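A.B. asks: Here you go, sequence then predicted model.
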Amino acid sequence: MMKISHSLFFIFLFLLKIPSLEADCSYDESLRHCSCSHFDLTNIMSIASCIRASSFEFSKGNYVNAEHFITYNFELQQVLSQIQTQLTKVSFVNVVLSQDFLFAFIKWLEKIPIILLAFENTTFVGQYSLTMGAQQPRISSLQFINVSSNPLIQTDSVFHGLGNWMSTLSKLTVEKSDLKTIPCNISMDFKYMSDLDLSENLLQEESLTSSFCNGAFPNLKILKLRHNNLVKYESVCRTLRNYNLLANLDLSQNNFSSLSNYFCEWQPSLVRLNLSSTGLEHVDDGLPKNCEVLDLRYNKIEVLNISLPRLKELYLSYNAFTTISPMGNLPSLQVLAVDGNLIETLSRGQLQNFEHLRSFKGDNNPYSCSCSFVIEMKEIAETDWIIQKWPEGYICNSPPSFKDMLVDEVNRSFFECHTHLLIVLICIIILLLTIAIIICFVKIHRSNKTRSTRTVSGNSNSVQF
């Protein structure tokens, strides 16, 4: 790290002849992070306090003029060639940045390993007039979040102006940037891309087919398409089914309504699928057979009948379930979440149907705190299962006398829990008492009758005597 510090110090010396303007740079030693506001090359000396930083954030600046990079390119390259340790992150936030400046900046850092180069709330202006040269930048991940355009991937000319360095990227994120497509020939150049996030854009099935053409992203393992304009689940499946390394797919916040009657078969490599907030009402077919983690939260599903022998985690929060059984063939299930549904009661037997269950989440349901449910729920809490949000998340909705009480705090008396038995016992006692009274009455009546008969008989005998 000291080598970096000395090198950066030499950079500052080279740039002393640049007029200084006011800028604010602060250094967080615990995070080794430097934040610079309203910063550009004309006030680079203000960054002197950050010579030990491993990550940099430049915000609220105007990075349009690249002439200073060109003017001091030779001196900068001589000093920067000494730097061996990588930077974790370099980010531009809320800035205006010209494409020439971007090209020059990337060339400036071509010998410094950077884990992540990020642009957030950035407006790109102008057209490029520089070339990258033969040297390849050592950048692992590239991130665009809420940018006005995507100069590195949006057009063929800009991409080819940058050269082939992007083929070495392992991760690319383009979020909230109105992205409609990535040209096929550009997609094919991402030879080592394993993690791609295109969330919150304007992708549709047709543009998805173009972006993921034959030969594009050959090493893709993680793909996030959250919150786009996708409505045809089967079409998405057919576009992506040939990605034999794809293991994690996020299709959440699109609009599929139903997966029924879809016959597309996913590749065996797909083990994590996120279909949360997609408006699903029915889920029968169309799921990857080797799926191990399935997220179906925030949908409208009432009944589930699926067969996924390898499924370990199932998230069904905030749907319309009234019971947790049956759910189909899920012999390997370990984690089950059914919170926020319409479930009124649970039993230990229902959970024991999942032989390998170890974690359960069932809070925020309208539980009816009957005696049997309260007893069952307390017994469930005493098992080896991890009951998430217990006891604070399990609240009675009925009967009225226990509404809004925690299930764990409900203590119902023996007579409250056995009202019907008590009524039967009372009826039996009343019946027995009634029978006893009748028997006594009959005995008394017979006894009186016998006495009367004896009295009459005695009087008759007295007269005869």
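C.D. replies: Looks like it arrived, so ask away.
A.B. asks: Helices of the stretch 151-300 of the chain, start to end?
C.D. replies: Using DSSP state H, counting those that start in this stretch, the helices of the stretch 151-300 of the chain run over residues 156-162, 184-187, 205-211, 233-240.
A.B. asks: pLDDT below threshold where in the stretch 101-250 of the chain?
C.D. replies: 127-135, 149-164 (pLDDT under 70).
A.B. asks: Let's see that with 50 instead.
C.D. replies: Scanning the stretch 101-250 of the chain for pLDDT under 50 picks out 155-161.
A.B. asks: re the thing from before, just the helices of the stretch 151-300 of the chain: most buried one?
C.D. replies: Highest mean neighbour count of these: helix 233-240, a mean of 19 (counted as mean count of other CB atoms under 10 Å). Yep, even glycine has a C-beta here, placed from its N, CA and C like the rest.
A.B. asks: Any chance you could list what contacts that helix?
C.D. replies: The set of residues external to helix 233-240 that reach it, using CB atoms under 8 Å, 6 or more residues apart in numbering, is 205, 208-209, 212, 223, 225, 230, 246, 249, 251, 256, 259, 262-266, 286.
A.B. asks: same check, this time on stretch 403-416
C.D. replies: 367, 369, 371, 373-374, 377-378, 381, 390-392, 394-397, 402, 422.
A.B. asks: Repeat that for stretch 200-211.
C.D. replies: Contacts for stretch 200-211 (CB under 8 Å, 6+ apart): 174-184, 187, 225-232, 235-236, 239.
A.B. asks: Quick one, which of those residues are buried?
C.D. replies: 174-175, 177, 179-183, 187, 225-228, 230, 232, 235-236, 239 (16 or more other CB atoms under 10 Å).
A.B. asks: picking that back up, which ChimeraX command selects the buried ones in the contacts of stretch 403-416?
C.D. replies: Selection of buried members from these for ChimeraX, criterion 16+ other CB under 10 Å:
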select :367,369,373,374,377,390,394,395,396,402
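A.B. asks: that older thread, mind listing which of the contacts of stretch 200-211 are in strands?
C.D. replies: Assigned to strands by DSSP state E, the following of these qualify: 174-175.
A.B. asks: How far does stretch 223-240 sit from its chain's centre?
C.D. replies: 17 Å (CA atoms, centre = their mean, to the nearest Å).
A.B. asks: First-to-last residue distance for it?
C.D. replies: In stretch 223-240, first residue to last residue: 10 Å (CA to CA, to the nearest Å).
A.B. asks: Stretch 384-399 too?
C.D. replies: Using CA to CA, the two ends of stretch 384-399 sit 29 Å apart.
A.B. asks: One more: stretch 167-178?
C.D. replies: End-to-end for stretch 167-178, by CA to CA: 23 Å.
A.B. asks: what residues does it touch?
C.D. replies: 136, 139-150, 153, 189-202.
A.B. asks: so who does the closest residue to S187 other than its chain neighbours touch?
C.D. replies: Leaving aside its sequence neighbours, S187 sits nearest to A216 (CB to CB, 6 or more residues apart in numbering; 3.4 Å). By CB under 8 Å, 6+ apart, the contact set of A216 is 184, 187-188, 190.
A.B. asks: ok, 10 Å please
C.D. replies: Counting by CB atoms under 10 Å, 6 or more residues apart in numbering, A216 makes contact with 182-191, 193, 210, 243.
A.B. asks: for stretch 378-398, what is the average pLDDT?
C.D. replies: The average of the pLDDT scores along stretch 378-398 is 95.
A.B. asks: what sits up against it?
C.D. replies: 335-337, 339-340, 344, 346-348, 350-352, 354, 357-370, 373-374, 377, 402-410.
A.B. asks: what about stretch 334-348, start to end distance?
C.D. replies: Using CA to CA, first and last residues of stretch 334-348 are 15 Å apart.
A.B. asks: Mark which of the contacts of stretch 378-398 are buried, thanks.
C.D. replies: Counted by 16+ other CB under 10 Å, these give 335-337, 339-340, 344, 346-347, 350-351, 354, 357, 360-365, 367-370, 373-374, 377, 402, 407, 410 as buried.
A.B. asks: How much space separates the closest residue to S257 other than its chain neighbours from L330?
C.D. replies: Nearest non-adjacent residue to S257, counting by CB to CB, 6+ apart: G279, 5.1 Å away. With distances taken as CB to CB, to the nearest Å, G279 is found 23 Å from L330.
A.B. asks: more crowded one of those two?
C.D. replies: A direct count of neighbours by other CB atoms under 10 Å for G279 and L330 places L330 higher, at 24 against 15.
A.B. asks: still on that earlier bit, shouldn't the residue nearest to S257 be in contact with L259?
C.D. replies: No. In this structure, G279 is not within contact of L259 by CB atoms under 10 Å, at 11.1 Å.
A.B. asks: For stretch 241-252, which residues meet the burial criterion?
C.D. replies: Those would be 243, 246-252, for stretch 241-252 by 16+ other CB under 10 Å.
A.B. asks: do the same with stretch 105-121
C.D. replies: Applying 16+ other CB under 10 Å to stretch 105-121 flags 105-112, 114-120 as buried.
A.B. asks: which two in those residues are spaced the farthest apart?
C.D. replies: Within these, K111 and E120 form the most distant pair, 25.2 Å apart (CB to CB).
A.B. asks: Helices of the stretch 301-450 of the chain, residue ranges please.
C.D. replies: Counting by DSSP H, counting those that start in this stretch, the helices of the stretch 301-450 of the chain are 348-352, 371-381, 414-417, 419-464.
A.B. asks: Please report how far the closest residue to S37 other than its chain neighbours lies from H38.
C.D. replies: Closest residue to S37 apart from its sequence neighbours, by CB to CB, 6+ apart: D24 at 4.7 Å. Distance from D24 to H38, counting by CB to CB: 7 Å.
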